[in-house]
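Q: the amino acid sequence is not available; the structure is as follows:
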């Protein structure tokens, strides 16, 4: 007899019932709202479908260190600061849900919950919880949702990565975020004009969405009927074909009707379903 896993149930909740992972509600969340405290698990997926075109949202936390105002319709990037390297202290037995890992730098307790540990060799495990390391060289116990698939030799390297929705931010022309590269995670599309640093909200990642164009230098991307986002400093939105750009969607109407000055940009997002 098969026992259904957490992932099996999450798939039913997400794709069939259309509610965030592990949560059943009569009406679902308000995807235009923000809150100072989390209402859902960061990274949860929610599908809005009124019988027509589906739109997908992912729950996220705004980076608490953001200083510049963030406009709705602006694309949001991951923060690349939530990564740490280290190695295992002693051999770790295959089948265990907990491992002892030695950090290179300091780690805040639960900073990497629902993030991932990448083992040298390619295996990836989702982190359930972990301890604290006030400084580098401290042994930290990590607990996973699934057991480690093999015995891990002492000293084997591993990298930990934060939940990619845990500290999202917008690229800014000015401000502390300018020199931080990242990957586009969604579009900030809420009702209020600006998000608040450290607050929680929903990012749209798939389907029809208004994308602000002022100050983003869309340029030739409009003429080519596609939108791409740069992932390097001062390169919020760049022309089609530039090196390293991430495709985020297609214009849904004639480029002649989508003008930078008026911010009339409607895009069929294709960041992630």
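A: Great, that's in hand. Since the structure is predicted, the reported quantities are computational estimates derived from the model, not experimental observations.
Q: nearest residue to residue 147 in space, ignoring adjacent ones along the chain?
A: Once flanking residues are discounted, residue 147 sits nearest to residue 95: 4.8 Å by Cβ to Cβ, 6 or more residues apart in numbering. No exception for glycine: its C-beta is placed from N, CA and C like everyone else's.
Q: so the one you found sits in a helix?
A: No: secondary structure of residue 95 (DSSP: H, G, I helix; E, B strand; the rest coil): coil, not part of a helix.
Q: where does pLDDT dip in the protein?
A: Along the chain, the model assigns pLDDT under 70 to residues 1-27, 69, 80-81, 171-181, 191-195, 213-224, 230-245, 254-264.
Q: surely residue 78 and residue 170 touch.
A: No: using Cβ atoms under 8 Å, residue 78 is not in contact with residue 170, being 11.5 Å away.
Q: longest strand in this structure, please.
A: strand 200-210 (DSSP state E).
Q: first-to-last residue distance for stretch 60-72?
A: Criterion Cα to Cα, to the nearest Å; first-to-last residue distance in stretch 60-72 is 14 Å.
Q: try stretch 145-165
A: 19 Å.
Q: mark out where each domain of the protein begins and ends.
A: Domain assignment for the chain by automatic domain parsing gives 6-79+167-212+263-270, 83-161.
Q: tell me which of the ones you listed is the most buried.
A: domain 6-79+167-212+263-270 (a mean of 18; mean count of other Cβ atoms under 10 Å).
Q: tell me the bridge partners for residue 58.
A: Beta-bridge partners recorded for residue 58 (DSSP bridges): residue 45, residue 203.
Q: from memory it sits against residue 45, does it?
A: Yes: counting by Cβ under 8 Å, residue 45 is a contact partner of residue 58 at 5.6 Å.
Q: can I get the domains of the chain in a markdown table including distance to residue 249?
A: A markdown table is the format used below for the domains of the chain (distance: least, Cβ to Cβ, whole Å):
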| stretch | distance to residue 249 |
| --- | --- |
| domain 6-79+167-212+263-270 | 4 |
| domain 83-161 | 25 |
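Q: quick one: the helices in this structure?
A: Ranges of helices in the chain, per DSSP state H, are 6-11, 220-223.
Q: contacting residues for the closest residue to residue 93 other than its chain neighbours?
A: If the residues on either side of it in the chain are set aside, residue 93 comes closest to residue 151, at 5.9 Å by Cβ to Cβ, 6+ apart. By Cβ atoms under 8 Å, 6 or more residues apart in numbering, the residues touching residue 151 are 91, 92, 93, 94.
Q: the second one contacts residue 152, correct?
A: Translated: residue 92. Yes: with contact defined as Cβ under 8 Å, residue 92 reaches residue 152; the gap is 4.0 Å.
Q: pull up the overlap in contacts between these two.
A: Joint contacts of residue 92 and residue 152 (Cβ under 8 Å, 6+ apart) are residue 99.
Q: could you find the closest non-adjacent residue to residue 273?
A: Residue 273 sits nearest to residue 206 (Cβ to Cβ, 6+ apart), 5.1 Å away.
Q: relative to residue 45, how far out is that neighbour?
A: Distance of residue 206 to residue 45, computed by Cβ to Cβ, to the nearest Å: 10 Å.
Q: please enumerate the strands of the stretch 101-250 of the chain.
A: Assignment of strands within the stretch 101-250 of the chain using DSSP state E, counting those that start in this stretch yields the ranges 116-119, 124-130, 139-144, 157-161, 184-188, 200-210, 226-229, 246-251.
Q: nearest to residue 109, out of those strands?
A: Counting by Cβ to Cβ, residue 109 lies closest to strand 124-130 out of those; the figure is 7.2 Å.
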